[in-house]
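Visitor: Provide a 3D model corresponding to the input given below.
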Amino acid sequence: TGQSVGPAVLLYGAASALYSPSSWPTLGQALQSLQQGDGAPILSMFDTYVGRNRNGTFANTDEAETAIDCATSPAPTLGQIRAAAPAAERASPVFGLLDLYSLASCAVWPVRASGPSGRVRAPGSPAIVVVGSTHDPVTPYAWARGLAAELPHGVLLTRDGGGHTAYFQSRCIELAVDRYLTTTVPPRPGTTCPTGR
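Guide: Next comes the predicted model:
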């Protein structure tokens with residue numbers, strides 16, 4: 001394909017496999033191939049993750065996501081991002097800077113964010129169920145706990161396990177969410193579900 005595997009390809013390719021434990025063996029094999037001089041597997045993972053087509057064109061998924069994210073809430077300035085870099089690298093030596101500098105797009109986005117900033121509130125709402133997984137590498141469980149605590153009627157529903165999202169990885173979560181959506185009855189506060197069907 002004429003592509004080479006550099007740091008960005010390696011990091012994004014590896015990140016693509018962290019969403020689900022079922023893809024970890026694929027990542028392991030790709031890294032082993034890379035050590036043997038074959039970058040094709042990690043490059044394929046990168047291409048899938050960023051939406052690169054065989055003909056070298058890209059899907060516009062990243063652009064659409066950036067436009068939505070940047071319109072949702074105010075971004076830190078470039079100066080704030082630079083100032084946060086040492087702490088981000090200490091907290092996560094592999095992905096910290098990659099994740100932090102992804103905010104730079106919104107820092108220079110030409111349209112101001114119209115969404116709210118700060119605590120999320122929903123006064124007068126019925127119960128709002130917030131679902132989080134204890135070992136989600138993409139959306140940390142602390143975020144789910146924090147959001148549920150901010151909402152006056154927030155109810156945290158926990159999946160004990162790794163990987164991104166919870167609904168399709170736990171029959172218990174599916175039943176609790178389906179019941180809530182069809183009857184408006186939330187799960188009991190503190191409900192924790194195992195991973196598995």
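Visitor: make it CA atoms for all contacts and neighbour counts henceforth
Guide: Will do.
Visitor: surely residue 89 meets residue 96?
Guide: Yes. Between residue 89 and residue 96 there is a contact under C-alpha atoms under 8 Å: 4.9 Å.
Visitor: Can you pull the poorly scored residue ranges out of this structure?
Guide: 1-2, 116-117 (pLDDT under 70).
Visitor: sec struct for the residue nearest in space to the middle of the chain, please.
Guide: Most central in the chain under C-alpha atoms, centre = their mean is residue 138, positioned 3.3 Å from the mean C-alpha point. With DSSP: H, G, I helix; E, B strand; the rest coil as the basis, residue 138 sits in coil.
Visitor: Report the separation between the nearest residue to it once chain neighbours are set aside and residue 98.
Guide: Leaving aside its chain neighbours, residue 138 sits nearest to residue 164 (6.1 Å; criterion: C-alpha to C-alpha, 6 or more residues apart in numbering). Distance check for residue 164 against residue 98: by C-alpha to C-alpha, to the nearest Å, it reads 18 Å.
Visitor: So those two - more neighbours on which side?
Guide: residue 164 (21 against 17; other C-alpha atoms under 10 Å).
Visitor: quick one, what contacts that one?
Guide: Shown in contact with residue 164 (C-alpha atoms under 8 Å, 6 or more residues apart in numbering): 18, 19, 20, 133, 136, 137, 138, 139.
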